[in-house]
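Undergrad: The following comprises the amino acid sequence and a computationally predicted model.
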Amino acid sequence: MPHLTRIASWETDGVVGRRIRAVAALAVALLCGYAALLRIPLPFTPVPITLQTLVLMVGAYTLGRQYAVQMALWYLGLGAVGLPFFSGGKSGWAVLAGPTGGYLVGFALAAAFIGYCRPTRTALRSTLTLFSLAHLIIYSCGAGWLAWLLQLNFKSVLTMGVWPFLAGDLLKCLVAAALVGGWQQQAAKKNKDS
């Protein structure tokens, strides 16, 4: 039974642990793709509201280091080669070169940031800070690419690529922090009981 507890808490080393985490990275990438299908288009911007960042934050935090990056690369790769994993069921390399391409690249960088910088102990404030900084990475890549691609000035790019998403992303940060906090509390309780 202690072996199962170690697997559940991602502390398994060796070949079995790496395989479990690699499969989990693919599973989270698939969830991220399905979360892109749930979208709210906004009439004044080509960037919709989706749940991808919520899945990305929880997945990257849970997977940690190299598996968070692996998850993001799986997601981008599967979408690029034809699975309908980008917003609205789109796919292909053209999406990565389109208006939302910067946000998609930002997802991979944010996943790496979360995976490498996650705190060892979950405090709500530190987890919220981590997730907020990850969103700054996504906004920087996404809004920067949007500004360059559409030749937008600073005010326009903020209106189209940042301001409409702040409240929703803050809510997603709170939900993600609560989810990973609950997950770590359960893992700590199981380890204490065994």
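TA: Great, that's in hand. Keep in mind that this is a model prediction, so the values were computed, not measured.
Undergrad: Which residue comes closest to Gln66 once chain neighbours are left out?
TA: Closest residue in space to Gln66, ignoring its immediate chain neighbours: Gly115 at 7.3 Å, by Cβ to Cβ, 6 or more residues apart in numbering. To be clear about C-beta, it is placed using only N, CA and C from the backbone, and glycine gets the same treatment.
Undergrad: Can you report how many residues neighbour the one you found?
TA: 23 (other Cβ atoms under 10 Å).
Undergrad: Figure out the helix or strand that it lives in.
TA: Applying DSSP states H and E as the criterion places Gly115 in helix 101-117.
Undergrad: from the middle of its chain, how far away would that helix be?
TA: Computed by Cα atoms, centre = their mean, to the nearest Å, the separation of helix 101-117 from the middle of its chain amounts to 7 Å.
Undergrad: Using CSV, write out every CA atom in it.
TA: Included here for helix 101-117 are C-alpha records, laid out as CSV according to Å, rounded to 0.1, in the frame of the first residue of the first chain:
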residue,chain,number,x,y,z
GLY,A,101,-0.2,31.9,-31.8
GLY,A,102,1.6,34.1,-29.2
TYR,A,103,-0.8,33.0,-26.5
LEU,A,104,-0.2,29.3,-27.4
VAL,A,105,3.6,29.7,-27.3
GLY,A,106,3.1,31.6,-24.0
PHE,A,107,1.2,28.5,-22.7
ALA,A,108,4.4,26.4,-23.1
LEU,A,109,6.6,29.0,-21.4
ALA,A,110,4.1,29.5,-18.6
ALA,A,111,3.9,25.7,-18.1
ALA,A,112,7.7,25.5,-17.8
PHE,A,113,7.7,28.4,-15.4
ILE,A,114,5.1,26.8,-13.2
GLY,A,115,6.8,23.4,-13.3
TYR,A,116,10.2,24.8,-12.4
CYS,A,117,9.1,27.4,-9.8
